[in-house]
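> Predicted model and sequence follow; I will ask about them next.
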Amino acid sequence: MPAIKHGGMDASRGTFVWRVLVVVFTTVVIVGLLLFTWRIFHILMLTFASVLIAVFLRGLANQLSDRSKLKPGWSLLLVTLVLLAAFTAMIWLLAPQVSAQVGELSADIPVAIERLRESIASYAWGEFLLAQLPDTPGDARTDELELLGRVGGIISTTVGGLVDVLFVVFVGIYLAINPGLYIGGAVRLMPLDKRARAEEVIHAVGKQLQWWLVARFVTMILVGIMTGIGLWLLGVPMVLTLALLITFLEFVPVVGPVLASIPAILLAVLISPRLAIYTALFYWLVQSVESYLLTPILQHRIVHLPPALVIIAELVMAVVLGFIGLILATPLLVVIVVVIKHVYIEDVLGERAMEPDGQGDQEPADASS
């Protein structure tokens, strides 16, 4: 009897050790996968940006194919060539004027900063603020090293940014050429009985991303037009450059419009402090219209995103991933919302996903959209 009991204890002890080893191994694998994912998260975000490019190109190509009866491949080629030609023509026509204005801008901004500094120093509170700024020049050798370090950092950042842009554009074009290949590969990872539903969800995500891009581009164009007209009426110089600047930077939530307003305000300082105040108030007004009217209406009606949820997503992604997280926060939120509606609410809970209509009531969403 004791021998049998001893053998049972050894067996149970061996089972316990085996379970501990399995738990430890599983934990190590999960932690390793999380660390690996975090290390390549920048590449994953660039890949998602490529998906946005592919969705944009494919959406235009599909629209052209449906209306002209061209094959999708030829439609995609035509859309790509037209966009490339339009971009080249814009550079050809606007580059001389924009280049001249940028040269004037780079020469005028230091003067504007110095004039702004003098204006602030004329007040008691301004003297106190300026006194808090670091203004302790080092020796010539230290200044040269700091300058070289800054130049090296600028070059490194510029090269890295160009590589990222090329990666996003070329991967996006490859994805747009044959999206079925990649969608089919993702669907084949699902169980057989879930593949049709997975393909339906992927197409729903793509459709919502297309509508989000439409809403975003409409907002950018409207803000650029409003800014150009307003600056022209105020008498701020270099209207074309400043309008183009805010049009492109408007794609970056929160930070982009603020960065775009700085050169305009500094240029207005060269004319008069009062014009600088009017310019700052005008940019605030434009961004208020964009933030509280254009974006909520377009995103709420077109892609059904609650404004508060968008702000939270942008803040979280900016803190976690920085600049690229801020740019991609809203389209990532679009993907998450679509997946939750289709997979969790409809498939897991067995309920119909509800979409808000224009009156604030709710009506059933079309699951096939």
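That came through fine. Residues are numbered from 1 along each chain as shown.
> what are the ranges of the strands in the chain?
For the chain, applying DSSP state E gives strands covering 354-356, 362-364.
> Distance of the spatially most central residue of the chain relative to Val320?
The chain has Ile327 as the residue nearest its centroid, 1.8 Å off, counting by CA atoms, centre = their mean. Distance, Ile327 to Val320, using CB to CB, to the nearest Å: 13 Å. Any C-beta I mention is one placed from the backbone N, CA and C, and that applies to glycine too.
> and if you look at Pro179?
Separation of Pro179 from Val320 (CB to CB): 29 Å.
> Those two: which is more packed in?
Pro179 (20 against 10; other CB atoms under 10 Å).
> so what's the more buried one scoring on pLDDT?
Pro179 carries a pLDDT value of 87.
> give the contact list for it.
Ala54, Arg58 (CB atoms under 8 Å, 6 or more residues apart in numbering).
> was I right about Ser65 contacting Ser75?
Yes - when contacts are counted by CB atoms under 8 Å, Ser65 is listed as touching Ser75 (4.1 Å).
> Mind checking which of the two has more residues around it?
Taking other CB under 10 Å, Ser65 and Ser75 do not tie; Ser75 has more neighbours (22 against 19).
> residues contacting the more buried one?
Contact analysis of Ser75 by CB under 8 Å, 6+ apart lists Ala61, Asn62, Leu64, Ser65, Ser68.
> before we move on, what about Ile271?
Gly235, Val236, Pro237.
> now Gly325
Contact partners of Gly325, counting by CB under 8 Å, 6+ apart, are Met45, Met317, Ala318, Val319.
> How about the third one: what's its closest non-neighbour residue?
Counting by CB to CB, 6 or more residues apart in numbering, the nearest residue to Ala318 once its immediate chain neighbours are dropped is Leu326, at 4.2 Å.
> Check the first one too.
For Met45, ignoring the flanking residues on the chain, the nearest one in space by CB to CB, 6+ apart is Ile324 at 5.1 Å.
> Same check on the last one?
Taking CB to CB, 6+ apart, and ignoring the residues beside it in sequence, Val319 has Gly325 as its nearest neighbour in space, at 7.9 Å.
> And that neighbour, how far from Val252?
11 Å.
> ok, and the most crowded of the contacts of Gly325?
Of the contacts of Gly325, with other CB under 10 Å as the count, Met317 tops at 22 neighbours.
> my guess is that residue contacts Pro331, does it?
No - between Met317 and Pro331 there is no contact under CB under 8 Å: 10.5 Å.
> tell me the mean pLDDT for stretch 67-82?
Per-residue pLDDT values over stretch 67-82 give a mean of 84.
> In the stretch 251-369 of the chain, where is pLDDT below threshold?
For the stretch 251-369 of the chain, the stretches flagged by pLDDT under 70 are 300, 353-369.
> Give me the buried stretch members for stretch 251-261, please.
Using 16 or more other CB atoms under 10 Å as the test for burial, stretch 251-261 gives Val252, Pro253, Gly256, Pro257, Ala260, Ser261.
> which one of the residues you listed is nearest Ala215?
Nearest to Ala215 among those is Pro253, at 12.8 Å by CB to CB.
> got a list of what that closest one touches?
Glu314, Leu326, Ile327, Ala329, Thr330.
> so which pair among the buried residues of stretch 251-261 is furthest apart in space?
Pro253 and Ser261 (14.5 Å).
> one step back: what about the buried residues of stretch 251-261, which are in helices?
If you go by DSSP state H, these have Gly256, Pro257, Ala260, Ser261 in helices.
> Columns distance to Leu52 on top of the residues you listed, output as JSON lines?
Formatted as JSON lines, these follow (distance: CB to CB, whole Å):
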{"residue": "Gly256", "distance to Leu52": "16"}
{"residue": "Pro257", "distance to Leu52": "20"}
{"residue": "Ala260", "distance to Leu52": "22"}
{"residue": "Ser261", "distance to Leu52": "26"}
